[in-house]
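**Q** Okay, here's the prediction I keep looking at, along with the sequence it came from:
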Amino acid sequence: MMEAVVPHTARQFARAIVMPNLVPPVTRRAQAEAYRDRIRAAVPAGVAFEPLMTCYLTDDADPAELAEGHRAGSWIAAKLYPAHATTNSHFGVTSIDRIARGLEAMEKAGMPLLVHGEVTDPEVDIFDREAVFIDQVLGPLLRRHQGLKMVLEHITTAEGVAFVEEHAPRVGGTITPHHLVINRSDIFKGGIRPHLYCLPIAKREPHRRALRRAATSGHPAFFLGTDTAPHTVDTKESACGCAGIFNAPVAMQIYAQVFTDEGALDRLEAFASLNGPRFYGLPPNEERIVLRAAPLMAPDAIDVPQAGRSVVVFRPDTPVGWTF
């Protein structure tokens, strides 16, 4: 799978924040460094691409390992998955109190916390889980850890937008291409469309519009985060399909279309290439890509030859008039 998908991300982006939700999860420096080496080996010859690794937080996260891994460059941040919130999150955190010492170590080290922002209480409706998480978990967490930097990743709600705006520049927010162009009705348009199922799940139309306003506003706290997640067709089109949308081959083209539609194409570069590096304290990339105003040219699916399977590429129902 890695050999099949890495070239598509490396074609569009010179670096990427890499999620640690493998099995077993990436919790130690040696694991992160080995994973980084495997990714680099899958990058096509002559292509410059740098994986930025992250640590998977568990209830027994080692504060010393977190801080030392950040100091040594093994990882750039740590990822908080509430237990059972998304793919391979069953190793995740069951209570913020259990990782308080780890968060204190990260705070002292200047190491950002990346958050999948959903509660997992079965009594909370799936479409409300981000808003409830913000209210019940993130607000108290920020008050408790006054110096901790945080990215609320792949936000999907107006509440997520408001939270980032209220707490910037200490808090940043990433927005995916698919959450900018689909709402929850699209998942059921003409039948169940499993390739549009992801977590956090797409929300109602007013939330999508709030995301578009935030992404194209020029606000420096919002930046690109594709959350691209490849799952083979058989694991998506099943009785209990996997959550995730594979958008790597079309991400920048869709972002460009959204910014064009919103009359904000002049703000795309900051959202895609400047705001994120600034938040992480990284220099902007020197290389550029060139997008052309022409109908989208991208595969409908990519093959995973060793597995004899394929992965469907995300396509919005509305036209995309950019390619490269």
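**A** Alright, I've got the coordinates.
**Q** packing partners for the longest helix belonging to the chain?
**A** Criterion DSSP state H: the longest helix present in the chain is helix 29-42. For helix 29-42, the helices and strands in contact under the criterion 3 or more CB pairs under 8 Å, 6 or more residues apart in numbering; DSSP states H and E are helix 2-12, strand 50-52, helix 63-72. For glycine as for every other residue, the C-beta is placed from the backbone atoms N, C-alpha and C.
**Q** How about it, which residues are buried there?
**A** By neighbour count, and taking 16 or more other CB atoms under 10 Å as the criterion, the buried residues in helix 29-42 are R29, Q31, A32, E33, Y35, R36, I39, A42.
**Q** what separates the fifth one from T9, distance-wise?
**A** The span separating Y35 from T9 equals 14 Å under the rule CB to CB, to the nearest Å.
**Q** Contacts only, for the closest residue in space to S74 that isn't next to it in sequence.
**A** Closest residue to S74 apart from its sequence neighbours, by CB to CB, 6 or more residues apart in numbering: R29 at 4.0 Å. With contact taken as CB atoms under 8 Å, 6 or more residues apart in numbering, R29 is in contact with E65, E68, G69, A72, S74, W75.
**Q** which outside residues touch stretch 300-314?
**A** Stretch 300-314 is touched from outside by 1, 3-5, 8, 177-178, 195, 230-234, 236, 245-247, 249-250, 254, 298-299, 315, with contacts defined as CB under 8 Å, 6+ apart.
**Q** Let's see that with 7 Å instead.
**A** Applying CB atoms under 7 Å, 6 or more residues apart in numbering, the set of residues contacting stretch 300-314 from outside is 1, 4, 178, 195, 230-234, 236, 245-247, 249-250, 298-299.
**Q** in it, what's buried?
**A** Of the residues in stretch 300-314, those scored as buried under the neighbour-count criterion (16+ other CB under 10 Å) are I302, V304, R309, S310, V311, V312, V313, F314.
**Q** ends of it, how far apart?
**A** Here the two ends of stretch 300-314 are set 8 Å apart, with distance taken as CA to CA, to the nearest Å.
**Q** One more: stretch 7-20?
**A** Counting by CA to CA, the length from the leading to the trailing residue of stretch 7-20 is 19 Å.
**Q** just stretch 183-201 next, same as before
**A** Between the opening and closing residues of stretch 183-201 we find a distance of 9 Å, counting by CA to CA.
**Q** still on that earlier bit, and which of the buried residues of helix 29-42 is nearest to R101?
**A** Closest approach between the buried residues of helix 29-42 and R101, by CB to CB: R29, at 18.0 Å.
**Q** With A72 as the reference, measure out to the closest one.
**A** Using CB to CB, we find R29 at a distance of 7 Å from A72.
**Q** Could you dump the helices and strands packed on helix 29-42 into CSV with mean neighbour count, distance to Y81 and mean pLDDT added?
**A** Putting the helices and strands packed on helix 29-42 into CSV (neighbours: other CB atoms under 10 Å; distance: least, CB to CB, whole Å; pLDDT from 0 to 100) gives the following:
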stretch, mean neighbour count, distance to Y81, mean pLDDT
helix 2-12, 19, 20, 96
strand 50-52, 18, 18, 98
helix 63-72, 17, 15, 98
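**Q** Switch those over to a markdown table; also include distance to R212.
**A** As requested, those are arranged in a markdown table below (distance: least, CB to CB, whole Å):
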| stretch | distance to R212 |
| --- | --- |
| helix 2-12 | 21 |
| strand 50-52 | 27 |
| helix 63-72 | 34 |
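**Q** what's the spacing between the helix or strand where E165 lies and its chain's center?
**A** Under the criterion of DSSP states H and E, E165 resides in helix 158-167. If you compare the mean C-alpha spot of helix 158-167 with that of the full chain, they lie 17 Å apart, counting by CA atoms, centre = their mean, to the nearest Å.
**Q** What of stretch 185-195?
**A** Taking the mean C-alpha point of stretch 185-195 and that of its whole chain, the gap between them comes to 22 Å (CA atoms, centre = their mean).
**Q** again with stretch 186-202
**A** Counting by CA atoms, centre = their mean, stretch 186-202 is centred 18 Å from the centre of its parent chain.
**Q** Quick check on G173: phi, psi?
**A** Main-chain dihedrals, G173, degrees, to the nearest 10: phi -140, psi 130.
**Q** Contacts only, for it.
**A** Counting by CB under 7 Å, 6+ apart, G173 touches V151, L152, I155, G160, V164, A221, F222.
**Q** Helices of the stretch 201-324 of the chain, start to end?
**A** Remark: helices assigned in the stretch 201-324 of the chain by DSSP state H, counting those that start in this stretch are 205-215, 233-236, 251-261, 268-269, 275-280.
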